[in-house]
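Asker: Only the shape, not the letters, is given here:
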């Protein structure tokens, strides 16, 4: 089973490099122009706010009340 999914590994690495490039480019440019944009992008990227919001808005990630 593992050998059948081994072809997927290069695709994941390429996508991660693509994502890291654009995050770093955005952070680099925003740090040069505005500290507020830099802080905003850094917080959103590092805390995973967008994925959490997406999962929460689709009711896939629900906070359970005791």
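Answerer: Cool, the structure landed. Remember, it's a predicted structure, so these values are computed and weren't measured experimentally. Numbers count the residues shown, from 1 in each chain.
Asker: in the longest helix anywhere in the chain, what's buried?
Answerer: Counting by DSSP state H, the longest helix found in the chain is helix 8-33. Under the neighbour-count criterion of 16 or more other Cβ atoms under 10 Å, helix 8-33 has residue 30 buried. (Each C-beta comes from the backbone N, C-alpha and C, glycine too.)
Asker: and the most centrally placed residue in the chain, how far is that from residue 10?
Answerer: Of all residues in the chain, the one closest to the mean position by Cα atoms, centre = their mean is residue 45, 5.5 Å from it. Residue 45 is 24 Å from residue 10, where distance means Cβ to Cβ, to the nearest Å.
Asker: what does residue 35 give?
Answerer: In terms of Cβ to Cβ, residue 35 sits 37 Å off from residue 10.
Asker: again, but for residue 37
Answerer: In this view, residue 37 and residue 10 are 33 Å apart by Cβ to Cβ.
Asker: Then residue 34?
Answerer: Distance check for residue 34 against residue 10: by Cβ to Cβ, it reads 37 Å.
Asker: List the buried residues for stretch 43-59?
Answerer: Under 16+ other Cβ under 10 Å, stretch 43-59 has no buried positions.
Asker: measure it end to end?
Answerer: End-to-end distance for stretch 43-59: 23 Å, by Cα to Cα, to the nearest Å.
Asker: And it, how far out from the chain middle?
Answerer: Put simply, stretch 43-59 sits 9 Å off its chain's centre (Cα atoms, centre = their mean, to the nearest Å).
Asker: What average pLDDT does that stretch get?
Answerer: In this model, stretch 43-59 has a mean pLDDT of 76.
Asker: Past the helix or strand hosting residue 40, which element shows up next along the chain?
Answerer: Element membership for residue 40 (DSSP states H and E) is helix 35-47. Counting by DSSP H and E, the element after helix 35-47 in chain order, helix or strand, is helix 49-57.
Asker: Now do that following helix against helix 35-47, angle only.
Answerer: Relative orientation of helix 49-57 versus helix 35-47 (axes from the mean of the first three to the mean of the last three Cα atoms, to 10 degrees): 60 degrees.
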